[in-house]
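1. Okay, sequence plus prediction incoming.
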Amino acid sequence: MNQNIYEEIEIGHVIDGPSIDVTKDMIREFAKASFDFNALHLDDKFMEKKFGKTKFEGVIAHGMMTFSLMTRMMTDWLWPRGGIHRRLETRWLKPVYHGDTITFGATVSKKLKTSKGQWILFSLEVKNQKGDLVATGESMAESP
Amino acid sequence: MEEFHQDTFEKDFWKDWDKRKTWDEIQPGELRTTVELTLTKEMIQNFARAIGDMNPLYFDEDYAKKSPHGGLIAPPSIHVMLMMICTPHDDWMKEPGTINAGQSWYYNVPARPGDRIRLVCKALDKFIKKERLFIIHENVFYNQNDEVICSGRGWTIRPR
């Protein structure tokens, strides 16, 4: 607790996040807990339709489930070190289907001092079991 | 302002789906109608469990009291749940087929059990890219002291 992570952490440092098996139950539980009952996440039949230029192969996990798991990776790492998760920006590149295993990781990309703070920037990647990137992100943490 | 009730929350996002605003009808800059709620410990913990996040700051009152936060808090990503609760059923965000393309969120103070949560949100921009209909929306959550909990921006692809 309370190490000075800003001084100690080096650019390029890698955080190995969790690997998570995405199941239909998990997606359903996330829908209930987040009150997001969009049919994309619950109804296989609905997913047989075309969505404008986009086509899916079955129900997909909420993009915000991946987002929340990215947040979890960051707070899990930062909290014991006294850091505060201040920002996350994500892009979803590919859908996450039930049956996929998604693995989270982050790399320290930059450190910066401002007049009132010390900031650590991270570059985040989420890959599926095929090694395809399903989401990327940038996170910003405030260091004590 | 409308108040959130867990028992009457409409889970069937198909109901009256065609009454929601289409891409053509969404007016950037216009404030959207929102719903207020009192955040409960149960809602926070259900959300944390759903993402397997068992940080004692969300579950263990004694631990949280002794921490710099001085009490239980919600995970930063609680806005994911708040967004669905604080937008009414007829909001375009809930239309089946809405696709999330990207989001960014800045976190200021944590949300806590008992907080009265208020959302101010609007579409900010709309555009067409690769034949897809995009809306950019911006959202700010406040607590009962008018402190900003978090503020975010999202890119969604509209189904129609």
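-> That came through fine.
2. So is the longest helix anywhere in chain B next to chain A?
-> Counting by DSSP state H, the longest helix found in chain B is helix B:41-50. Yes - between helix B:41-50 and chain A, judged by CB under 8 Å from any CB of the partner chain, the touching residues are B:46-47, B:49-50. C-betas here are computed from N, CA, C, even on glycine.
3. for stretch A:17-36, which positions count as buried?
-> Buried residues in stretch A:17-36, counted by 16 or more other CB atoms under 10 Å in any protein chain shown: A:17, A:20, A:22, A:24, A:26-31, A:33-36.
4. can I get these in JSON lines with distance to chain B and secondary structure?
-> Formatted as JSON lines, these follow (distance: CB to the nearest CB, whole Å; DSSP: H, G, I helix; E, B strand; the rest coil):
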{"residue": "A:G17", "distance to chain B": "12", "secondary structure": "strand"}
{"residue": "A:I20", "distance to chain B": "8", "secondary structure": "strand"}
{"residue": "A:V22", "distance to chain B": "12", "secondary structure": "coil"}
{"residue": "A:K24", "distance to chain B": "14", "secondary structure": "helix"}
{"residue": "A:M26", "distance to chain B": "8", "secondary structure": "helix"}
{"residue": "A:I27", "distance to chain B": "10", "secondary structure": "helix"}
{"residue": "A:R28", "distance to chain B": "10", "secondary structure": "helix"}
{"residue": "A:E29", "distance to chain B": "5", "secondary structure": "helix"}
{"residue": "A:F30", "distance to chain B": "5", "secondary structure": "helix"}
{"residue": "A:A31", "distance to chain B": "9", "secondary structure": "helix"}
{"residue": "A:A33", "distance to chain B": "4", "secondary structure": "helix"}
{"residue": "A:S34", "distance to chain B": "5", "secondary structure": "helix"}
{"residue": "A:F35", "distance to chain B": "4", "secondary structure": "coil"}
{"residue": "A:D36", "distance to chain B": "5", "secondary structure": "coil"}
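5. Which of those residues sits closest to B:H69?
-> Within the buried residues of stretch A:17-36, the smallest distance to B:H69 is 21.6 Å, found for A:A33 (CB to CB).
6. what's the distance between the closest one and A:T66?
-> Remark: distance between A:A33 and A:T66 (CB to CB, to the nearest Å) = 15 Å.
7. thinking again about what came up before, please pick the buried ones from the residues of helix B:41-50 next to chain A.
-> B:46-47, B:50.
8. how about CSV for those residues, with pLDDT added?
-> CSV is the format used below for those (pLDDT from 0 to 100):
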residue, pLDDT
B:N46, 97
B:F47, 97
B:A50, 96
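9. A:L133 against A:E125, yeah?
-> Yes - at 6.0 Å, A:L133 and A:E125 qualify as touching, with contact defined as CB atoms under 8 Å.
10. Between those two, which has more neighbouring residues?
-> Between A:L133 and A:E125, A:E125 has the larger neighbour count (other CB atoms under 10 Å in any protein chain shown), namely 17 against 13.
11. The helix or strand of chain B with the lowest mean pLDDT and chain A, any residue contact?
-> Sorting the helices and strands of chain B by mean pLDDT, DSSP states H and E puts strand B:2-3 at the bottom, at a mean of 87. No - for strand B:2-3, no contact with chain A is found by CB under 8 Å from any CB; the gap never falls below 14.7 Å.
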